[in-house]
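Colleague: Provide a 3D model corresponding to the input given below.
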Amino acid sequence: MTYADKILEISRPYLVKTFSKKRLEDFLEEVDCLRGLKNEDRNEVIKKFSEIYIRFVKEDFQEQYQSVNENLSKFVEMKDDGVKVIWGDCEEVLRGMKSESVHLMVTSPPYYNAREYSQWRDLAEYLEEMRRIIRQAYRVLENHRVFVFNVGDIFDNDNLTTKSVWGRRRLPLGAYFIKIFEEAGFTFVDDFIWDKGEVQSERHKNQNRPFPFYQYPANCYEHILVFHKHRLDNTRYPCPVCGALKVNGNTQSEIGVKSWECKNLECFERSKSNRGKRFSLKTLTTQSRQTREHEIPREFIKKWRKDVVRFSPVVKINSRGENVLGHSAPFPEDIPEFAVRMFSYKGERVLDPFAGSFTAVIVAKKLGRVGIGIEINKERFREASLKNIKKHFPLNISEFDCGGGSIF
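Modeller: As a prediction, the model looks like this:
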């Protein structure tokens, strides 16, 4: 009996409970190749069995969502060496994507009425639109993964009480978004403060009135918010040590994270009190690829050791007064690089729902991930965005027009 046979023998009662008859037949057919591996390849058998099982469980979960845009889905999953550009309204695009089909999200949203091309009637309308988008983002992001969200507070009129100039005030967008993310199901984890450096403006100093109540600080920082998705999943998962599905539910290790304990008495790792390995789908994700290939450079970790990080904003206007990026609100590579290095593995999909100048897509590609960007303003930004991408990757830019449903 090969080790693959042994795993299947122990796991069969649980496989029958997990999969339909047809899905079980398909699963057994796919893992049949593992029987050809020798017993000394035990670790490879355990790894492959677990990967196939997790994929089948995920596919069954994805089938529960019935509004997938099949052409869009094929585009997202299409194997290529380039970057993926999606033109369309990001809420509509997200609604057309498969559940839990993206491994990381990183973005900076359009700030409320901060640009002529992103205007809302009032703050409530803006936040409601963002709320709908973030709910879809939660569905599309893979379980136990991360959304890195860069946003700054602004000074504007919320237009809820009055439209007069005296209605202008500081709007704490960071605080509003934390609440929206939590309502969507995300867990708020960290708030990095991006120190943008010395402010050039003198207007805030009110130097002609050096008295109490007349002095205000200049806005020189933004938030880099880190959210985790932990959808409670009661599906049984295989022990990472022996590969068997003979496991019992344990207490949750944190909110939304189901923990398991191996009950296979022949498992290769048991405690002095004969307790089995304790694990979760989250630990299977985070601990299975701790190899040199995925190590984060020490200097990079040092840069982000504190939750106040200083780096300069993007300089988009050259000495001739030209916008070299073609976008009025690009964000620096530092932010997507932080997200990609810290919260994804090579080959995984990284999505920016508000792609703009496609900085996140470019950084993801540079670091060996699949960069996917969604941008609504095709007519306004396509030429400049593609020019920006081609500076780094002259070939292999794949585009999808969500309005026309076409790939080009």
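
Colleague: Tyr14 - how many residues pack around it?
Modeller: 15 (other CB atoms under 10 Å). Heads up, the C-betas are built off the backbone N, CA and C, glycines and all.

Colleague: for this protein, what helix or strand is lowest in average pLDDT?
Modeller: strand 406-407 (a mean of 62; mean pLDDT, DSSP states H and E).

Colleague: Run through this protein and note the low-pLDDT ranges.
Modeller: In the predicted model, the chain carries pLDDT under 70 at residues 200-205, 315-329, 395, 404-408.

Colleague: Which helix in it has the most residues?
Modeller: helix 42-62 (DSSP state H).

Colleague: Asn143 touches Leu281, doesn't it?
Modeller: Yes: in this structure, Asn143 is within contact of Leu281 by CB atoms under 8 Å, at 6.7 Å.

Colleague: Tally up the residues packed near Lys263, please.
Modeller: Neighbours of Lys263 using other CB under 10 Å come to 15.

Colleague: Show the contacting residues for it.
Modeller: Counting by CB atoms under 8 Å, 6 or more residues apart in numbering, Lys263 touches Lys246, Val247, Asn248, Gly276.

Colleague: Same question for Arg305.
Modeller: Contacts of Arg305 by CB under 8 Å, 6+ apart: none found.

Colleague: Break down the chain into its helices, ranges please.
Modeller: 3-18, 21-31, 42-62, 70-77, 90-95, 123-140, 173-184, 281-287, 298-303, 334-343, 359-366, 378-392.

Colleague: For burial, what's the neighbour tally of Gln207?
Modeller: For Gln207, using other CB under 10 Å, the count is 10.

Colleague: Kindly report the same for the one 4 residues further on.
Modeller: Phe211 has 7 neighbouring residues, counting by other CB under 10 Å.

Colleague: Angles on the backbone of it, please.
Modeller: Recorded main-chain torsions at Phe211 are phi -130, psi 160, according to degrees, to the nearest 10.

Colleague: and the gap between it and Phe343?
Modeller: Applying CB to CB, to the nearest Å, the value for Phe211 to Phe343 is 47 Å.

Colleague: Which members of the contacts of Lys263 are classed as buried?
Modeller: Neighbour-count burial (16 or more other CB atoms under 10 Å) applied to those gives Lys246, Val247, Gly276.

Colleague: Touching, the last one and Cys267? I think so.
Modeller: Yes: the pair formed by Gly276 and Cys267 meets the contact definition of CB under 8 Å, at 5.7 Å.

Colleague: Any chance you could list residues touching both of the two?
Modeller: Cys239.

Colleague: ok, how many other residues are close to Ile255?
Modeller: 9.

Colleague: ok, it - contacts?
Modeller: Thr187, His230.

Colleague: Make 455 the starting number, not 1.
Modeller: Yes, from this point I'll number from 455; that puts the last item at Ile709.

Colleague: Can you report phi and psi for it?
Modeller: Per degrees, to the nearest 10, the backbone of Ile709 is at phi -60, psi 120.

Colleague: which stretches of the stretch 655-804 of the chain form strands?
Modeller: 675-683, 701-708, 711-716, 732-734, 762-764, 803-806 (DSSP state E, counting those that start in this stretch).

Colleague: Output those in CSV; the columns should cover distance to Asp855.
Modeller: What follows is those, written out as CSV (distance: least, CB to CB, whole Å):
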stretch, distance to Asp855
strand 675-683, 29
strand 701-708, 41
strand 711-716, 39
strand 732-734, 40
strand 762-764, 37
strand 803-806, 17
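
Colleague: Chain neighbours aside, what residue packs nearest to Met551?
Modeller: Distances taken as CB to CB, 6 or more residues apart in numbering place Val594 nearest to Met551, at 4.9 Å, with adjacent residues excluded.
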